[in-house]
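A.B. asks: Generate coordinates for the sequence data below:
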Amino acid sequence: MSSIQPRVQRLRRFTAPMHVRQKFAHAHVAKELKSKTGVKRRAVQVSKGDTVKIMSGKHKGRAGKVSIVNLKRSTLMIEGVVRKNAKGKEKMIPIKINTVYITDFNLSDKIRKEKLGVV
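C.D. replies: Numbering: from 1, shown residues only. Alright, predicted model coming up:
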C-alpha cells in the first residue's frame, strides 16, 4: 500500500480489481508442510482443493478441503464446515482467508507446482 492512512488503505483494498485481490488471498503454510515440500515462502495463495485448518473464530481447530475461493469477499468455503438454515438444509459457511493456514497443497496444476517450487 502506498498510504499510511487506514481509511485510504481500506478504500484501496475494497475497491481493488480482481488481479490485485488475488494477491490478498494468501494464507500461512504449516511448518510441517514447508519442510516436507521444500517451500521457502511464509504465505502462499489459497486455491481450490487445498486442505486448510481454521485458526480463529467459532470453528477454530476444524480442518477441511477448500471447495470455493471468493476473491470478491476474501472468503473460503470449506467442506465439512456447515450450518443448518431455517428449513433444516445444511449450507457451507464463508470463512475469512486470513483466519486459516494451509496444511496440504493441491498440486494437480503443473503451473502452481512450478511456482511453489515443490520438490
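A.B. asks: contacts and neighbour counts: CA atoms only from here.
C.D. replies: Fine.
A.B. asks: Next up, the contacts around Arg13.
C.D. replies: By C-alpha atoms under 8 Å, 6 or more residues apart in numbering, the contact list for Arg13 reads Arg21.
A.B. asks: Can you classify it by secondary structure?
C.D. replies: Judged by DSSP: H, G, I helix; E, B strand; the rest coil, the three-state class of Arg13 is helix.
A.B. asks: For the host helix or strand of Arg83, which residues meet the burial criterion?
C.D. replies: Per DSSP states H and E, Arg83 falls inside strand 75-84. Within strand 75-84, the residues that count as buried by 16 or more other C-alpha atoms under 10 Å are Thr75, Leu76, Met77, Ile78, Glu79, Val81.
A.B. asks: Out of the residues you listed, which comes closest to Thr15?
C.D. replies: Checking the buried residues of strand 75-84 against Thr15 by C-alpha to C-alpha gives Thr75 as the nearest, at 16.0 Å.
A.B. asks: quick one: Ile78 and Ile97 touch, right?
C.D. replies: No: the pair Ile78 / Ile97 is not scored as a contact, 10.8 Å apart, by C-alpha atoms under 8 Å.
A.B. asks: re earlier: turn the buried residues of strand 75-84 into CSV, columns for pLDDT.
C.D. replies: Shown next, in CSV, are those (pLDDT from 0 to 100):
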residue, pLDDT
Thr75, 96
Leu76, 96
Met77, 97
Ile78, 97
Glu79, 95
Val81, 95
